[in-house]
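Q: build the 3D model from these lines:
(one chain, ligands or ions: 1)
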Amino acid sequence: MSGKLWIVGLGPGDAAMQTPQATAALAQATDLVGYFPYVDRVPQKPGQVRHASDNREELDRARLALTLAAQGRAVAVVSSGDAGVFAMASAVFEAIDKGEPAWRALDVEVVAGISAMFAAAARLGAFLGHDFCAISLSDNLKPWPLVLRRLRAAAEAGLVMALYNPLSRARPWHLAEAFGVLREILPPAAPVVFATAVSRPDEKIDIVELAAADPARADMRTLVMVGSAATRLIARPGQRPWVYTPRFAEEASS
Ligand code: SAH
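A: Predicted coordinates for the structure are as follows:
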């Protein structure tokens, strides 16, 4: 029996935002591998083995999945959102790149998911409607000064930003420092969105101006989105405004 490895993005939380392709892969898997809150989102299936881990060692998890697949198992590695966005897909390919030569012959399939930035942007209107970037504020895998440099470059380039992993208990000051850098470049009224637990029952979305953005509003389930000078609000009676970034951009607004 030859093994199989799916790398599956489960979407932002709501089961309706998981693709049918992801659901089909999960139904065929003999083994599930992932961080336990994500494995917990997959309905239990008799006979399917669940390797849920609570550590954050993604490379170990990737090696476990590859080892099982090499033994002939049909393994699904699960991530939230899209597996290729600050998640398990790159960990698996790092493991293949540096690991057993036999792993290169494995049948690996990456199943796309709806990333938090797409779910949040859809709730708002068209926040990512023009050029944008995604930056993780975690400094687990890159130095913090590099994060600040990328934020500065993105603001100077007029890009809308989706900021993942905005803070943790170990580094609560990161988001405050990030806002500090952005305030040096962007207009004080640039829209900032705190989108927490998007598509889940406790979803909370707040729109503020950069000058008033309070880093304490964010937690690890929050995506922080920062508009460019071009990003606009459309007021609506009794409802949250639409927020969108128009398709046209002028040199002066960058
Ligand atoms: N692969 C995931 C991202 C994993 S990094 C994706 O594509 O969405 C984890 C970070 O993603 C969190 O710190 C948060 O910034 C963001 N995130 C994940 N799910 C979210 C949700 N439902 N609502 C808001 N942000 C979310």
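
Q: can I assume residue 113 is in contact with residue 8?
A: Yes - the criterion here is Cβ atoms under 8 Å, and residue 113 meets it with residue 8 at 7.1 Å. In short, each C-beta sits where N, CA and C put it, glycine included.

Q: neighbour-wise, which of these two wins?
A: residue 8 (32 against 28; other Cβ atoms under 10 Å).

Q: distance-wise, check residue 43 relative to residue 27.
A: Per Cβ to Cβ, to the nearest Å, residue 43 is found 9 Å from residue 27.

Q: now do residue 189
A: Residue 189 is 48 Å from residue 27, by Cβ to Cβ.

Q: then residue 162?
A: For residue 162, the distance to residue 27 - Cβ to Cβ - is 31 Å.

Q: now the phi/psi pair for residue 45, please.
A: Main-chain torsions, residue 45, degrees, to the nearest 10: phi -140, psi 130.

Q: three-state assignment of the residue nearest to it when sequence neighbours are not counted?
A: Counting by Cβ to Cβ, 6 or more residues apart in numbering, residue 27 is the residue found nearest to residue 45 once chain neighbours are left out, at 7.2 Å. Under DSSP: H, G, I helix; E, B strand; the rest coil, residue 27 falls in the helix class.

Q: residue 27: how many residues sit nearby?
A: 12.

Q: quick one: it from the ligand, how far?
A: Using Cβ to the nearest ligand atom, to the nearest Å, we find residue 27 at a distance of 21 Å from the ligand.

Q: do a quick rundown of the strands in the stretch 51-200 of the chain.
A: Using DSSP state E, counting those that start in this stretch, the strands of the stretch 51-200 of the chain run over 74-79, 107-111, 125-126, 132-136, 160-164, 191-196.

Q: those strands: which one's closest to the ligand?
A: strand 160-164 (4.2 Å; Cβ to the nearest ligand atom).

Q: what sits against the residue of the stretch 1-150 of the chain found nearest the ligand?
A: Residue nearest to the ligand within the stretch 1-150 of the chain: residue 81 (1.9 Å; Cβ to the nearest ligand atom). For residue 81, the contact set (Cβ atoms under 8 Å, 6 or more residues apart in numbering) comprises 9, 10, 11, 12, 87, 113, 114, 115, 116, 119.

Q: can we see that at 10 Å?
A: By Cβ atoms under 10 Å, 6 or more residues apart in numbering, the residues touching residue 81 are 9-13, 17, 38, 87, 113-119, 164, 198, 223.

Q: point out the residues in the stretch 151-254 of the chain that sit beside the ligand.
A: 164-166, 195-200, 220-223 (Cβ under 6 Å from any ligand atom).

Q: just give me the closest of the residues you listed to residue 213.
A: The shortest approach to residue 213 among these belongs to residue 166, at 10.9 Å (Cβ to Cβ).

Q: quick check: the residue of the stretch 1-150 of the chain closest to the ligand vs residue 115, distance?
A: Taking Cβ to Cβ, one finds residue 81 at 4 Å from residue 115.
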